[in-house]
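# I'd like to go over a predicted model; first the sequence, then the structure.
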Amino acid sequence: MPLETRAGPARDDPEVEAAMPAQAGVRQAIIREGLRTPRTVRRFRDVEGEAEPEVRSFALGWAPSLLLNLVLLTAPFALVIALPPVLACRERAAQFGFFAGETLSGCAARGVRARIGRLDDRIKMLVRGSGS
């Protein structure tokens, strides 16, 4: 008797469950559990007649993982350097406005350059061992 879809009546039919071997029931339970955790690959290995699942987690290749690590490490630095000047310029534009010829992007670029300059100066001070 072929099994029907997941929502079909054969899933709860006692005759169908009694006809399935024990190992098939274990495999079916593992497959149901695997549907809940899609990033896990399960393989079977028979050890003295028992089906034992071997779990291997999802892994990227070295190039995509390197790219992902670089993005995850540089994104917070970019936010720390760029976000405060942009927010300060937006607040300044809302409260006072800009001078003639000044824009939000120009103000933000000037603020980002100043923050990068301060960061560069602090790194130089650390390398030289001078300053506080």
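Received, thanks. Keep in mind the model is a prediction, meaning the values are calculated, not measured.
# what about the strand or helix carrying L83, average pLDDT?
Using DSSP states H and E, L83 falls within helix 62-95. Averaging pLDDT along helix 62-95 yields 91.
# how about the strands in this protein?
Using DSSP state E, the strands found in the chain span residues 40-47, 50-57.
# and the last one, average pLDDT?
Averaging pLDDT along strand 50-57 yields 58.
# what does the first one give?
For strand 40-47, mean pLDDT is 50.
# buried sites along stretch 77-90?
If you call a residue buried by 16 or more other C-beta atoms under 10 Å, then stretch 77-90 has these buried ones: 82, 85-86, 89. Quick note: C-beta positions are derived from backbone N, CA and C, even for glycine.
# residues in contact with it?
With contacts defined as C-beta atoms under 8 Å, 6 or more residues apart in numbering, stretch 77-90 is touched by 104, 107-108, 110-112, 114-116, 119.
# what about S65, neighbour count?
11 (other C-beta atoms under 10 Å).
# if we ignore the residues flanking it in sequence, what's nearest it?
Computed as C-beta to C-beta, 6 or more residues apart in numbering, the closest residue to S65 that is not its neighbour in sequence is A59, at 8.0 Å.
# ok, how many other residues are close to that neighbour?
Neighbour count of A59, defined by other C-beta under 10 Å: 10.
# got phi/psi on L60?
Main-chain torsions, L60, degrees, to the nearest 10: phi -90, psi 170.
# just to revisit the earlier point, in helices, which of the contacts of stretch 77-90 fall?
Mapping those onto helices (DSSP state H) picks out 104, 107-108, 110-112, 114-116, 119.
# I'd like those as a markdown table, with neighbour count, distance to L72 and pLDDT appended.
What follows is those, written out as a markdown table (neighbours: other C-beta atoms under 10 Å; distance: C-beta to C-beta, whole Å; pLDDT from 0 to 100):
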| residue | neighbour count | distance to L72 | pLDDT |
| --- | --- | --- | --- |
| L104 | 13 | 28 | 89 |
| C107 | 19 | 29 | 92 |
| A108 | 19 | 24 | 92 |
| R110 | 13 | 28 | 94 |
| G111 | 19 | 25 | 95 |
| V112 | 17 | 21 | 95 |
| A114 | 11 | 26 | 96 |
| R115 | 15 | 21 | 95 |
| I116 | 12 | 21 | 94 |
| L119 | 13 | 20 | 92 |
